[in-house]
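>>> give the three-dimensional model of this entry:
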Amino acid sequence: MAKTKKRFVCTNCGGVSPRWQGQCGECSEWNTLIEDTPATVFSQKHDLSSGGRGIEFVPLNQPSELPVRKSTGLAEFDRALGGGIVPGSAVLMSGDPGIGKSTLLLQTAATIASGGNDVVYVSGEEAAGQVRLRAKRLGVAEAPIRLASDTSVRDILTTLAQGKPPALLVIDSIQTMHSDTIEGAPGTVSQVRGCALELIRYAKASGCALMLVGHVTKDGSIAGPRVLEHMVDVVMSFEGERSHQYRILRALKNRFGAVDEIGVFSMETGGLEEVANPSMLFLSGRDNPLAGSAVFPALEGTRPVLVEIQALIVKLQSGATPRRAVVGWDNGRLAMLLAVLESRCGLNFSSAEVYLNIAGGYRLSDPAADLAVAAALVSALADRPLPDKSVWFGEVSLAGEIRPVAHSDLRMRESAKLGFMRGYGPSDGKTGSSTLDYSAVNGLAKLVDRVIGNE
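Predicted structure coming up:
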């Protein structure tokens with residue numbers, strides 16, 4: 001028998017190297033190569049066309065009863081999932097340590113169990129007594145959840161096979177699970193991949209909904225092999241700053257619904273609470289407008305969320321290099337906007353420090369925020385507040401033009417619902433049935449004239 005050759009797999013990109021080295025040759029990341037057992041290589045002499053068991057094909061158009069979604073009891077969680085939990089699905093929940101992943105799943109498990117469903121919660125990180133203490137703090141200690149503290153996938157699946165499959169199985173976390181059929185410590189690439197495969201196989205065969213908690217690396221990506229995200233049906237990210245009370249549950253992948261849907265929660269002393277109006281979390285609520293502040297109607301999936309963009313300009317007296325500081329937005333996007341404002345509008349930001357902040361710790365990725373950011377920068381530079389109760393949205397091109405954005409009517413309706421009276425955006429923006437007074441901004445030059453009072 002030929003000697004098994006060693007190989008090393010990158011935990012970041014999955015690249016394979018025959019020997020260990022400090023830097024991955026595929027993605028150039030450092031210290032990401034971990035020894036792994038190589039996959040079995042079949043020669044061309046093996047004939048796989050016989051000797052296996054037959055499989056059953058089902059016509060796609062065959063009338064049959066489709067799986068019925070189960071509500072989690074939390075409307076925000078259901079929104080992010082696309083309407084609820086699909087039986088037999090596998091959901092991967094990721095997020096920073098201490099952000100509230102276990103709290104959210106324990107509250108969800110308690111709600112589903114209280115509705116008469118069988119729920120199994122397996123913790124590989126905490127003892128059963130610790131989970132019960134947390135459940136008591138959250139006020140769900142009386143929920144009929146079957147609780148266990150174990151890390152052996154064989155023991156877990158053997159126990160579950162002895163009875164009726166549960167409606168929901170929670171594994172906290174997949175990085176702590178261990179299979180005795182795979183060499184390596186828990187958390188290695190092979191262990192995470194093998195344990196997840198066995199658990200997902202059980203969920204698909206039994207119709208049990210599976211929820212896995214996944215650790216993240218220091219750069220925010222899910223720890224373990226990238227194939228883990230391909231194996232599951234839904235990948236969710238629980239985001240937020242621990243210094244702020246809000247939490248955002250975001251669907252990054254969803255085979256049963258739309259992606260980029262979000263659910264908003266608030267972390268209170270009694271656990272996570274749903275936020276019915278998330279826009280109020282990210283608005284200051286002040287009465288008088290201030291210079292350097294603009295409100296932007298962001299769009300998360302199908303949900304509009306109004307956020308406040310704050311800008312501060314500090315003019316330098318000496319020849320020191322000005323600083324650019326951004327919180328919650330793309331640094332490169334800010335540099336582009338400053339260049340367009342200087343080149344197309346004649347404004348001088350080169351001798352001033354620029355600070356930009358998205359209020360409430362919110363993170364923006366919508367390109368429609370360009371106009372709101374530009375309005376906040378011009379307002380801060382001129383030290384003049386923007387029109388009261390106004391919202392700004394639109395994408396800025398390198399020529400200084402305001403490009404149209406998607407779902408402008410939805411943004412306007414949400415703004416009107418929260419008491420805003422004016423909207424500024426692209427010339428072909430659709431206002432729909434909104435009651436806002438909409439004004440088109442044809443270019444950044446028009447924006448500057450409007451802010452400094454020339455128009």
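>>> count the residues that sit near Ser365.
Per other Cβ atoms under 10 Å, the neighbour tally for Ser365 reads 12. Where you see a C-beta, it was placed from the backbone N, CA and C, and this is true even at glycine.
>>> you'd agree it is up against Asp330?
Yes - assessed by Cβ atoms under 8 Å, Ser365 is found in contact with Asp330 at 7.5 Å.
>>> so which residues of the stretch 51-200 of the chain form helices?
All helices of the stretch 51-200 of the chain, identified by DSSP state H, counting those that start in this stretch, fall at 75-81, 101-114, 128-138, 153-161, 189-206.
>>> next, format those as JSON lines and append distance to Ala352.
Below are these laid out as JSON lines (distance: least, Cβ to Cβ, whole Å):
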{"stretch": "helix 75-81", "distance to Ala352": "41"}
{"stretch": "helix 101-114", "distance to Ala352": "42"}
{"stretch": "helix 128-138", "distance to Ala352": "49"}
{"stretch": "helix 153-161", "distance to Ala352": "58"}
{"stretch": "helix 189-206", "distance to Ala352": "49"}
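>>> which of those sits closest to Ala325?
Minimum separation from Ala325 across the helices of the stretch 51-200 of the chain (Cβ to Cβ) falls at helix 101-114, 30.1 Å.
>>> now do that closest one and helix 128-138, the angle between them.
When axes from the mean of the first three to the mean of the last three Cα atoms, to 10 degrees is applied, the directions of helix 101-114 and helix 128-138 differ by 80 degrees.
>>> just the buried residues of helix 101-114, please?
101-113 (16 or more other Cβ atoms under 10 Å).
>>> from the contact counts, what lies against that helix?
Helix 101-114 is packed against strand 90-95, strand 119-123, helix 128-138, strand 168-172, strand 209-214, strand 271-274, with contacts defined by 3 or more Cβ pairs under 8 Å, 6 or more residues apart in numbering; DSSP states H and E.
>>> okay if I get those as TSV plus distance to Ala325?
As requested, the helices and strands packed on helix 101-114 are exported to TSV (distance: least, Cβ to Cβ, whole Å):
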stretch	distance to Ala325
strand 90-95	26
strand 119-123	40
helix 128-138	38
strand 168-172	37
strand 209-214	32
strand 271-274	31
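>>> could I get the buried residues of helix 101-114 as CSV with pLDDT and distance to Leu197?
CSV is the format used below for the buried residues of helix 101-114 (pLDDT from 0 to 100; distance: Cβ to Cβ, whole Å):
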residue, pLDDT, distance to Leu197
Lys101, 92, 22
Ser102, 92, 23
Thr103, 93, 28
Leu104, 93, 25
Leu105, 94, 21
Leu106, 94, 25
Gln107, 94, 28
Thr108, 94, 24
Ala109, 95, 23
Ala110, 94, 29
Thr111, 94, 29
Ile112, 94, 25
Ala113, 94, 27
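>>> now the residues you listed in CSV, with distance to Val307?
What follows is the buried residues of helix 101-114, written out as CSV (distance: Cβ to Cβ, whole Å):
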residue, distance to Val307
Lys101, 24
Ser102, 28
Thr103, 25
Leu104, 23
Leu105, 28
Leu106, 30
Gln107, 26
Thr108, 27
Ala109, 32
Ala110, 32
Thr111, 30
Ile112, 33
Ala113, 36
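>>> of those residues, closest to Leu306?
Distances from Leu306 to the buried residues of helix 101-114, taken by Cβ to Cβ, are shortest for Leu104, at 24.5 Å.
>>> quick one: buried residues of the lengthiest strand in the chain?
What stands out as the longest strand in the chain, according to DSSP state E, is strand 303-315. For strand 303-315, the neighbour count (16+ other Cβ under 10 Å) marks Arg303, Pro304, Val305, Leu306, Val307, Glu308, Ile309, Gln310, Ala311, Leu312, Ile313 as buried.
>>> and the residues you listed, which is the shakiest by pLDDT?
When these are sorted by pLDDT, the bottom entry is Arg303 at 77.
>>> touching, Cys208 and Leu169? I think so.
Yes - with contact defined as Cβ under 8 Å, Cys208 counts as touching Leu169 (5.3 Å).
>>> quickly list what's touching both of those two.
Common contacts of Cys208 and Leu169 (Cβ atoms under 8 Å, 6 or more residues apart in numbering): Leu160.
>>> what about those two, which has more around it?
Leu169 (26 against 22).
>>> okay, that one: pLDDT?
pLDDT, read off for Leu169, is 96.
>>> tell me where the model's unsure across this structure.
In the predicted model of the chain, residues 1-5, 37-49, 241-243, 281, 284-287, 319, 429-434, 453-455 satisfy pLDDT under 70.
>>> C-alpha coordinates for the helix or strand hosting Met412, CSV please?
Secondary structure from DSSP states H and E places Met412 in helix 408-417. Coordinates of the C-alpha atoms in helix 408-417 are reproduced here as CSV (Å, rounded to 0.1, in the frame of the first residue of the first chain):
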residue,chain,number,x,y,z
SER,A,408,-36.5,55.4,-5.0
ASP,A,409,-40.3,55.3,-4.5
LEU,A,410,-39.9,52.9,-1.6
ARG,A,411,-37.2,55.1,0.0
MET,A,412,-39.5,58.2,-0.3
ARG,A,413,-42.5,56.5,1.2
GLU,A,414,-40.6,55.3,4.2
SER,A,415,-39.2,58.9,4.7
ALA,A,416,-42.7,60.4,4.5
LYS,A,417,-43.9,57.8,7.0
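>>> got the contact list for the next helix or strand after that helix?
Counting by DSSP H and E, the element after helix 408-417 in chain order, helix or strand, is strand 422-425. Residues outside strand 422-425 that contact it (Cβ under 8 Å, 6+ apart): 371, 375, 387, 389-394, 402, 405, 408, 411-412, 415, 429, 431, 434, 436-441, 447, 450.
>>> mind checking what helix or strand follows strand 422-425 in sequence?
Downstream of strand 422-425, the next assigned helix or strand under DSSP H and E is strand 437-440.
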